[in-house]
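> Any chance you could fold what I've pasted below:
(one chain, ligands or ions: 2)
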Amino acid sequence: VTLTRREDYVAPSHWIRSVDLTFELEPAKTLVISRMQVEPNADRPGEPLRLDGEDITLTRVLVNGNSVSFHFDAGQLVLEKLPAEPFALEIRNTCAPGKNTQLSGLYTSGGGFFTQCEAQGFRRITYFADRPDVMAVFKVTLRADAKLYPMLLSNGNLVESGELPKGRHYAVWSDPHPKPSYLFALVAADLVCREQKIRTRSGQDHTLQVYVRAGDLDKTEHAMNSLIASIAWDEARFGLKLDLERFMIVAVSDFNMGAMENKGLNIFNTKFVLASPATATDIDFGNVESVVGHEYFHNWTGNRITCRDWFQLSLKEGLTVYRDQEFSQDMAGVASARAVKRIEDVRQLRQSQYPEDAGPMAHPVRPDQYQAIDNFYTATVYDKGAEVVRMMATLVGRAGFRKGMDLYFARHDGQAVTCDDFAQAIADANHGSALAERLDTFKHWYAQAGTPRLKAEGSFDADTGRYTLTLSQHTPATPGQPLKQPFVIPVAMGLLDAAGQPITGTDRVLVLDTASQSWTFDGLTAAPVPSLLRGFSAPVILEWDASEAELFTLLGHDTDAFNRWEAGQRLAVQRLLAAVRQGGDLVLDEAFVSALRSVLNDPALDAAFKELVLTLPSEGYLAERMAEAGEPIDPQKIHAARESMRAQLARSLHADWVTAWEQNSQTGGYRPDPVSCGRRALANLALNMLVLDGVAHGEPLWQGKALQRFKDAGNMTDRLGALAALVHGRSSLAGAALERFHAMFSGEALVIDKWFALQATAPEQDGQVFAQIKVLARHPDYSLRNPNRARSLLLTMTQLNPGAFHRADGAGYAFWADKVQEVDGFNPQLASRMARALDRWRALAEPFRSHARTAIERIAAKTDLSGDTREIVTRALA
Ligand code: HT7
Ligand code: ZN
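Ligands and ions are numbered 1, 2, ... in the order given. Here you go, the predicted structure:
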């Protein structure tokens, strides 16, 4: 096992300034000719040149036209006794794209050729210094069968194309921007494209293209609109212009991740390109917008300025997630819609990053070591990394952040840099700011893993009218980091009076940068209700012993929508965990029900916000809250308590759900704007509750209505929502509806993924859902080879359906272990993602814990396990 360490970074021995690649594309054997201009690094004279290569066959090496001796060492091609002056290096090799099941490097999908080079896929195409600090200008010649592969694409501009003998053709592409090998891409396939010419605010003309298979052209309008909006947004908000004449997006159905920002030739998982009202939900439309934005924003944050080494991954990913989150908020428009997006982002962070930070895979935003870099494309690097950037923006203000970004580009455009360089630029552009004054402490966010606990204690002195707020922080140990230094924690807050009215002059951003600190507020006439961590101003766990009355006040009145929602979630969590702890039945109190009723019926609130408040905290979130309190997690007890609360809310709010349905179920012609999306979301939640209640009480009315809705729906959000109500409510009408849905969409792969996922998320009862998942795993449409399809059943179950996965007999874990082993045999990246499902096994109660350990050990016992999956299970068992 080789461990790569951040502190071992050394600059490359040679720079590769340009590379001229020729591909003779054939699925069984593709010939690659690479002609490079190489320049020794003057700082490391006389060193051998080591080139990375993996699963490829070398046929020739020439230096300045002459054969040279070489050897292999630890998988690298080593060339010694090289000229001290710049020289020409030619390498010929072959690879087998048709057999590349890992989907890294050059592979085939649906009869075409595609590439995925980040992080270390380029070495699976040809020998190269496959590291992000080696940046070259690329020229690429593609030669392939003209009928099978009519579109030949690579980065940059098309400079030449034409016919060749034997039905073949060629295209030559040239990319003027020096780039690291991980941003290289090629596509050779039978595709069609939607094209749009645009002129930007600054008067430049560009050609935008979205390439898909012929039948999918009608699903590309939203991606194109999202791209146009992204270009306009980056220019308006950050002054960053598109630097290419041509910008292409290509959709591919076999893809390990979401999308890839290759320079000028983004390659996307079809899931994040294709969207039509009939086949995609509102959530899909939102995801397309944000992923198109994300990849486009990488053109500057990632491509123009890239990472010095892979430990700096969050330099581009954290920053680009922050940018795509801001883009989506700006697209949402009004403050209430922005808040909805913020709540969704925080929910996601707490659902996936918090458990990561509390488990065996905990690592800093800038990790210190890895075995497989692919395992570090994590929620910590992406989502916590974005929170770190967001805190910087909070500390320097919006205009200050823009100045910082300007300085970052002025200093580092065209370079491969570090997270320190980024933070320094933001601070240097904001002398005297709350960030600049404590930059070294702030950078603990990059270096230390773990989620800080922020304890808040308030005391009011009626005699002096003074309120004192004491904030203190503590971060539990994480693997390899027993002791933590304090973080810089910006705490946006304000005070409310007992009636919930904001107290003028108390809105502040407090900056805690030591273990404990107090702040005072004078001139108060009564004890205030503090609203803390507004907008979730820092990625911490707020430990605040709020009274029920305080939480009801915040839920009912806070000016900060995030904290209104948060108060509702806390009220629900307290009740649910009390039921889990007591082991008895959960009986909902009228105070809680009526607070929720008030939200549901409040005409001043958006439907989207109501849907968020009325959606109970997930079972996974509840499990983490138990673990934080040091209590063993019993997923079945959590499931039972949550199901019981859902059933009671379905019953006690019945009339209110009916009203919500009546007011929101007709949204007219389909538009994925925030208001219509919110109304559809609330209508679907209402329908879900009404069907649940109907089934529980043997009343057929709402089941019939749901079936009718399912049949008549004019868009996928309504149709899938109605189907979900039937399936999740365990209606007897669900089976036939599922069959009908499958038949209606049998040719639409992304919709069939939804069909699997919907069944994998059904609330477990007596093991029936798990049994059905096992049946579905043998369905003729199911396949582990296609990552989207594999995930639709397995990751959906392990991540979103604890009730089905965590069984007292361990059968869920055994099933999972079998599948991880199987997938590991052909796609280690996908397998290692799936293998993360039991990261938190040590926090489980018995018998789950023992069964989980057995299942992980079984995976670890596979002798030929990939390095990717081995790293995950080794850490889990350590
Ligand atoms: N930067 C992209 C990362 C990515 C990737 C990483 C490992 C293996 C496969 C991959 N596909 C895409 C995605 C992004 O953050 O934009
Ligand atoms: Zn990214």
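> On the strand side of things, show who the residue in the stretch 401-550 of the chain that ligand 1 sits nearest to bridges to.
Here the stretch 401-550 of the chain gets closest to ligand 1 at one residue, residue 416, 14.9 Å apart by Cβ to the nearest ligand atom. Glycine gets a C-beta too; all of them are placed from N, C-alpha and C. Beta-bridge pairing for residue 416 (DSSP bridges): residue 306.
> which residues does it contact?
Neighbouring residues of residue 416 by Cβ atoms under 8 Å, 6 or more residues apart in numbering: 132, 133, 135, 180, 305, 306, 307, 308.
> How about the secondary structure of the first one?
Three-state assignment for residue 132 (DSSP: H, G, I helix; E, B strand; the rest coil): coil.
> wait, it sits on residue 308?
Yes. Look at residue 132 against residue 308 with Cβ atoms under 8 Å: they come within range, at 6.9 Å.
> With neighbour numbers in mind, choose between the two.
Taking neighbours as other Cβ atoms under 10 Å, residue 132 and residue 308 compare with residue 132 leading, 22 against 19.
> Can you list the buried residues in stretch 340-351?
340, 341, 342, 343, 344, 345, 346, 347, 349, 350, 351 (16 or more other Cβ atoms under 10 Å).
> Would you mind listing the outside residues contacting the host helix or strand of the fifth one?
Using DSSP states H and E, residue 344 maps to helix 335-348. With Cβ under 8 Å, 6+ apart as the contact definition, helix 335-348 has outside contacts at 325, 328-330, 332, 383, 535-536, 561-562, 565, 605-606, 608-609, 612, 621, 674-675, 678.
> Any of those residues buried? List them.
Among the contacts of helix 335-348, those scoring as buried are 325, 328-329, 332, 383, 535-536, 561-562, 565, 605-606, 608-609, 612, 621, 674-675, 678 (criterion: 16+ other Cβ under 10 Å).
> Give the burial count for residue 126, as a bare number.
28.
> Going along the chain, name the helices of the stretch 751-878 of the chain.
Assigned by DSSP state H, counting those that start in this stretch, the helices in the stretch 751-878 of the chain fall at 768-776, 787-800, 802-805, 811-824, 828-834, 848-860, 867-877.
> of all the ones you listed, which lies closest to ligand 2?
helix 828-834 (15.7 Å; Cβ to the ion).
> Which residues outside that closest one are in contact with it?
So helix 828-834 is contacted by 102-104, 256, 372, 374-375, 787, 790-791, 794-795, 798, 816, 819-821, 823-824, 866-869, 871-872 (Cβ under 8 Å, 6+ apart).
> try stretch 866-877
Contacts of stretch 866-877 (Cβ under 8 Å, 6+ apart): 1, 360-361, 370-372, 374-375, 479, 820, 824, 828-829, 831-832, 835-836, 838-839, 841, 853, 856-857, 859-860, 865.
> OK, contacts around residue 569?
Contacts of residue 569 by Cβ under 8 Å, 6+ apart are residue 617.
> Could you check how far it is from residue 382?
23 Å (Cβ to Cβ, to the nearest Å).
> And residue 484, by the same measure?
22 Å.
> Counting neighbours, go ahead and name the busier of those two.
Using other Cβ under 10 Å as the criterion, residue 484 and residue 382 rank with residue 382 on top: 21 against 18.
> list the contacts for the more buried one?
314, 317, 318, 321.
> Which residue does this structure have closest to ligand 1?
For the chain, Cβ to the nearest ligand atom, closest residue to ligand 1: residue 257, 3.5 Å.
> Surely that residue is within a helix?
No. Judged by three-state DSSP, residue 257 forms no part of a helix; its state is coil.
> burial count for it?
Neighbour tally, residue 257, other Cβ under 10 Å: 17.
> what do you get for residue 47?
So residue 47, with other Cβ under 10 Å, has 15 neighbours.
> what residues are up against it?
13, 14, 40, 41.
> Show me what the host helix or strand of residue 736 is packed up against.
Under the criterion of DSSP H and E, residue 736 resides in helix 734-744. Under the contact criterion of 3 or more Cβ pairs under 8 Å, 6 or more residues apart in numbering; DSSP states H and E, helix 734-744 touches helix 701-712, helix 716-728, helix 749-760.
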